[in-house]
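1. sequence plus predicted model, see below.
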Amino acid sequence: MKEKELERLVKLKEIDSNIYSSGAKYICGIDEAGRGPLAGPVVVASAILPRDSMIEGINDSKKVSEKKREKVYEEIIKNAIAYGVRNYRRKCN
């Protein structure tokens, strides 16, 4: 793992640590991708990862290449305590 990526993940873990120290049992990360609820389909994903997990490349899906997203997705589902993915399509009248 590159040093810059490690630093970014450590900063995220510091935020998580503050949340856990205030009494939270789990933290659920969420992300969405798509055209938005007014314009078209949207995919929404959420995951609860173990406290000690550090998945390289985990980030806003719009900031990650498709190839990297697929790799990160596999790591998330392999390590997640729980996860969900939902594809929403708005029907126009």
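-> Okay, I see it.
2. hey, C-alpha coordinates of the lowest-mean-pLDDT helix or strand in the chain in CSV?
-> Here the helix or strand of the chain ranked lowest by mean pLDDT, DSSP states H and E is strand 28-34, holding a mean of 89. C-alpha atoms of strand 28-34 as CSV (Å, rounded to 0.1, in the frame of the first residue of the first chain):
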residue,chain,number,x,y,z
CYS,A,28,-22.3,1.8,8.1
GLY,A,29,-20.6,3.4,5.1
ILE,A,30,-22.8,4.3,2.1
ASP,A,31,-22.4,5.4,-1.4
GLU,A,32,-24.5,6.0,-4.5
ALA,A,33,-23.8,6.3,-8.1
GLY,A,34,-26.1,7.1,-11.1
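3. could you list the buried residues of that strand?
-> 31-32, 34 (16 or more other Cβ atoms under 10 Å). Where you see a C-beta, it was placed from the backbone N, CA and C, and this is true even at glycine.
4. what does stretch 3-11 give?
-> Those buried within stretch 3-11 under the rule 16+ other Cβ under 10 Å are residue 9.
5. which residues touch that stretch?
-> 1, 54, 56-58 (Cβ atoms under 8 Å, 6 or more residues apart in numbering).
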